[in-house]
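1. Requesting a structural model of the entry that follows:
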Amino acid sequence: MNTLGAMNCTALELCEVFQDLKQEIISNNPNNFTLEEEEEANFADDATWVLTSSFVILTMQSGFGLLEMGSSTSGNEINIMIKNVADVIFGSLAYWLFGYGI
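-> Modelled structure (predicted):
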């Protein structure tokens, strides 16, 4: 049994209907953007995502440092925190040198 009921159309006809709808939506949109404006908006979205992700990762790094510090002896606290600070510095430097260009 046909689940679409009375809608019997080919894929080509359906594609044409969707193209017409797309053109109508674009023509009725008061906020038509040029290609340059869209690229700028995409770049801003990408930059926001990278900064947000970086903040989350650096926050996780400090949390891991506190977890390591809590599970070791009290004499090793400074060594563990220095190791975590060095990890953040060298990791950020390596990302800036190699990873950002990927």
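2. Hmm, Gln61 and Asp87 touching each other?
-> Yes - the criterion here is CB atoms under 8 Å, and Asp87 meets it with Gln61 at 6.8 Å. Placement of C-beta: from N, CA and C, glycine included.
3. Show me where this protein dips below the pLDDT cut-off.
-> The chain contains residues with pLDDT under 70 at 1-12, 14-15, 25-38, 101-102.
4. For stretch 58-68, which residues meet the burial criterion?
-> Gly65 (16 or more other CB atoms under 10 Å).
5. what does stretch 74-85 give?
-> The neighbour-count check on stretch 74-85 (16+ other CB under 10 Å) flags 80, 84 as buried.
6. Dump it to PDB, restricted to CA.
-> Extracted C-alpha coordinates of stretch 74-85, given in PDB (Å, rounded to 0.1, in the frame of the first residue of the first chain):
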ATOM      1  CA  SER A  74      52.200  15.400  49.400                       C
ATOM      2  CA  GLY A  75      55.900  15.800  48.500                       C
ATOM      3  CA  ASN A  76      55.200  15.500  44.800                       C
ATOM      4  CA  GLU A  77      52.500  18.200  44.500                       C
ATOM      5  CA  ILE A  78      54.800  20.900  43.100                       C
ATOM      6  CA  ASN A  79      56.500  18.400  40.600                       C
ATOM      7  CA  ILE A  80      53.000  17.300  39.300                       C
ATOM      8  CA  MET A  81      51.800  20.900  38.800                       C
ATOM      9  CA  ILE A  82      55.000  21.900  37.100                       C
ATOM     10  CA  LYS A  83      54.700  18.900  34.800                       C
ATOM     11  CA  ASN A  84      51.100  19.900  34.000                       C
ATOM     12  CA  VAL A  85      52.000  23.500  33.300                       C
END
